[in-house]
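> Structure for the following, please:
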Amino acid sequence: SVPAPSTQQTAPKPAPPQPSTTDGRKSQGPLETAKPPTTQSAKPPANTQAQQMQNIRNLIQRAEITPGAENPYDIQQGEGKKAAVELTKMTVDQVLALQDERRKKGLKKGESTAVGAYQIVQGTLKEKIAQLKIQGDEMFDKDLQDRLADSLIKQAGYEEYAANPTPDAKKAFVKRLSGL
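Model (predicted):
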């Protein structure tokens, strides 16, 4: 024979204890994300210098190049989205000759000899070629243009700013960078 079901009522189970967040508050439910403690260790890890340099290069490109350009590394000043020539397939000497040719044709008001993703003018390019000991037969490709940009960023005082990233130091760095 099967025992008859009990008619005795069971007491309701107590609610599980409400979890608390890491900052001591009661949780508002399972979907609430606990806030990390407010200590120095809660800061996200700092960007590496390489990441920061890439971020600055990206910022310069956004300021210098028409949005949607096919290859910003091939753009000459004033070209818009499509490059007339592929600078990245030219040597440094060929790019300097192109800049000379452009200058000889005569630059209109607002025009310059600026080339590449960072719109480097001829005088600055010649200075950096000498400073970085770049050979004329080196390709004016993405890697070389990034090296040139990194050198310009450092020249503007990036390392000093990175060592003391206050709002005033950032403002001074950006001002120097925009003047290069």
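
> going forward, measure contacts between C-alpha atoms and count neighbours the same way
Noted.

> How is Y118 assigned, secondary-structure-wise?
coil (DSSP: H, G, I helix; E, B strand; the rest coil).

> ok, it touching R62?
No: counting by CA atoms under 8 Å, Y118 does not reach R62; the two are 9.3 Å apart.

> Same drill for those two, tell me which one is more crowded.
Shown here are Y118 and R62; by other CA atoms under 10 Å, Y118 has more neighbours (26 against 15).

> Need the pLDDT of the more buried one.
Note on Y118: pLDDT of 93.

> how near is it to R176?
Plainly put, Y118 is 15 Å away from R176 if you go by CA to CA, to the nearest Å.

> likewise Q131?
19 Å.

> These two: who's more crowded?
It is R176, of Q131 and R176, that has more neighbours when counted by other CA under 10 Å, with 16 against 10.

> With adjacent residues omitted, what lies nearest to Q99?
T113 (5.4 Å; CA to CA, 6 or more residues apart in numbering).

> Run a quick neighbour tally on that neighbour.
T113, neighbours per other CA under 10 Å, totals 22.

> Over to it. Which of the three states is it?
coil.

> For it, what are phi and psi?
phi -90, psi 20 (degrees, to the nearest 10).

> OK, contacts around it?
Residues near T113 by CA atoms under 8 Å, 6 or more residues apart in numbering: 76-77, 99, 102-103, 120-122.

> just the residues you listed now: which is nearest T66?
T66 lies nearest to Q77 out of the contacts of T113, by CA to CA, at 9.8 Å.

> Skipping adjacent residues, who's closest to that closest one in space?
Counting by CA to CA, 6+ apart, the residue nearest Q77 is A114, at 5.1 Å.

> Does the one you found touch I120 like I think?
Yes: taking contacts as CA under 8 Å, A114 lies within contact range of I120: 4.7 Å.

> So if I had to pick from these two, which one is more boxed in?
For A114 versus I120, the count of surrounding residues by other CA under 10 Å is larger for I120: 23 against 20.

> who's that one bridged to?
For I120, the beta-bridge partners are V115 (DSSP bridges).

> how near is it to E160?
Applying CA to CA to I120 and E160 gives a distance of 23 Å.

> Next: T91.
33 Å.

> Just want to know which of the two has more residues nearby.
T91 (17 against 13).

> Okay, and L144 sits in which element?
helix 142-155 (DSSP states H and E).

> what does N55 give?
Going by DSSP H and E, N55 is in helix 49-64.

> which strands and helices sit next to that helix?
Helix 49-64 sits against helix 142-155, with contacts defined as 3 or more CA pairs under 8 Å, 6 or more residues apart in numbering; DSSP states H and E.
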